[in-house]
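Trainee: I'll drop the sequence and a predicted model, then ask my questions.
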Amino acid sequence: MNHSQEFSVLLAKEDFKFSAAHFTLFPDGSAELLHGHNYQVAVEVSGEELDDYGLLCDFATLKVEIRKLCEGLDSRTLIPLRSSELDVRQVGESVEVSYKDRHYRLPLQDVLLLDLENTSIELMAVMLWQDLALRLGESRVTRLGISVAETAGQSCWYRARIPCHPES
């Protein structure tokens with residue numbers, strides 16, 4: 001293996017997307033109004049070796065997995081469960097969310113409760129990275145990058161080595 005080489009493949013398909021509502025909390029105690037984005041996702045996989053066919057990984061399967069992750073977030077209101085500033089509770093078939101003087105009651109089926117502190121693009125990129133990295137454990141991919149864009153010109157990349165591939 002030649003450790004000075006690396007192959008990187010960027011997957012940024014038009015259908016790697018999801019539409020969702022959210023609001024971001026800020027350190028000064030403010031929060032955005034509830035609003036929506038048409039998020040776009042891109043994935044970068046890297047590794048030092050190719051298989052016998054000259055491929056880094058099974059891209060057909062990888063694309064299916066990316067689309068599944070996007071589909072799971074699509075058409076939902078994203079609520080961060082780990083925020084110390086939000087009061088979130090399920091009441092029957094609804095979710096009630098309170099932030100200071102704001103109170104929302106949303107149909108349970110429209111809400112996705114996320115194990116996050118905030119619904120920032122930074123934390124959503126990490127969340128998607130964690131989900132996708134689990135599915136790449138047996139491949140030649142050693143590094144994974146995920147980009148989440150909420151508008152044209154505003155995105156976050158999260159890149160890290162996949163844990164099952166120790167640094168050499």
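Mentor: Now that the structure is in, tell me what you want to look at. Residues are numbered from 1 along each chain as shown.

Trainee: use CA for all of it now, contacts and neighbours both
Mentor: Fine.

Trainee: Need phi/psi at the residue nearest the centre of the chain.
Mentor: Centroid-nearest residue in the chain: Leu128, 3.0 Å away (criterion: Cα atoms, centre = their mean). Leu128 adopts backbone torsions of phi -70, psi -40, taken as degrees, to the nearest 10.

Trainee: Now Trp131. Its backbone dihedrals?
Mentor: Actually, residue 131 is Asp rather than Trp. Main-chain dihedrals, Asp131, degrees, to the nearest 10: phi -60, psi -40.

Trainee: Now do Ser7: how many residues are near it, please.
Mentor: That one is not Ser; residue 7 is Phe. When neighbours are defined as other Cα atoms under 10 Å, Phe7 has 13 of them.

Trainee: so how far is Glu49 from it?
Mentor: 8 Å (Cα to Cα, to the nearest Å).

Trainee: between these two, what contacts are shared?
Mentor: Common neighbours of Phe7 and Glu49, using Cα atoms under 8 Å, 6 or more residues apart in numbering, are Leu56.

Trainee: just the strands in this structure please.
Mentor: 7-11, 17-22, 35-47, 76-80, 87-91, 94-99, 102-107, 111-114, 143-151, 154-161 (DSSP state E).

Trainee: Distance to Ala133 and mean pLDDT added to these, as JSON lines?
Mentor: Shown next, in JSON lines, are the strands of the chain (distance: least, Cα to Cα, whole Å; pLDDT from 0 to 100):
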{"stretch": "strand 7-11", "distance to Ala133": "15", "mean pLDDT": "96"}
{"stretch": "strand 17-22", "distance to Ala133": "18", "mean pLDDT": "98"}
{"stretch": "strand 35-47", "distance to Ala133": "10", "mean pLDDT": "97"}
{"stretch": "strand 76-80", "distance to Ala133": "21", "mean pLDDT": "98"}
{"stretch": "strand 87-91", "distance to Ala133": "29", "mean pLDDT": "97"}
{"stretch": "strand 94-99", "distance to Ala133": "30", "mean pLDDT": "98"}
{"stretch": "strand 102-107", "distance to Ala133": "31", "mean pLDDT": "97"}
{"stretch": "strand 111-114", "distance to Ala133": "18", "mean pLDDT": "98"}
{"stretch": "strand 143-151", "distance to Ala133": "7", "mean pLDDT": "97"}
{"stretch": "strand 154-161", "distance to Ala133": "9", "mean pLDDT": "97"}
